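[1] Quick one, structure for this:
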Amino acid sequence: MKKVWLVVLPLLVFIGGVGFLYQGLFSDPRELDSQATGKTVPAFSLPDLMNPETIYTPGSLKGEVTILNVWGVWCITCAVELPYLTQLR
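    A predicted model of the protein is given here:
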């Protein structure tokens, strides 16, 4: 019975891996699931890090393609990103 599991277990893992990878063939990598999609940007007024005289507001970004990075202190990825953002000053 022990020898049967030595053959069956790797086979099951292999079949599971193939099924997982096969499912990935039909997914769209450009599809982004976000809770913020379609919502308006809240009111803000922020200076440019490189040019403090330039102030950004939702109105100044309207009609342009813009990446707006919003983060929180509870976010692990954001905590890793924070030192790099503070070096931009």
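
[2] What segments of the chain are strands?
    Using DSSP state E, the strands found in the chain span residues 46-47, 55-56.

[3] partner strands of the first one, parallel or antiparallel?
    It refers to strand 46-47. Paired strands of strand 46-47, with direction, are strand 55-56 (antiparallel) (DSSP bridges).

[4] how far out from the middle of the chain is the partner strand?
    25 Å (Cα atoms, centre = their mean, to the nearest Å).

[5] and if you look at stretch 70-77?
    12 Å.

[6] Show the end-to-end separation of that stretch, please.
    Stretch 70-77 has an end-to-end distance of 12 Å (criterion: Cα to Cα, to the nearest Å).

[7] quick one on the thing from earlier: out of the strands of the chain, which one sits most buried?
    Most buried of the strands of the chain, by mean neighbour count (mean count of other Cβ atoms under 10 Å): strand 55-56, with a mean of 13. Yep, even glycine has a C-beta here, placed from its N, CA and C like the rest.

[8] Model confidence for R89, exactly?
    Per-residue pLDDT puts R89 at 58.

[9] Check F20 too.
    91.

[10] got a markdown table for the strands of the chain, with distance to P29 too?
    Formatted as a markdown table, the strands of the chain follow (distance: least, Cβ to Cβ, whole Å):
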| stretch | distance to P29 |
| --- | --- |
| strand 46-47 | 31 |
| strand 55-56 | 30 |
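
[11] Turn these into TSV, columns for mean pLDDT and distance to P83.
    Shown next, in TSV, are those (pLDDT from 0 to 100; distance: least, Cβ to Cβ, whole Å):
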stretch	mean pLDDT	distance to P83
strand 46-47	89	20
strand 55-56	91	22
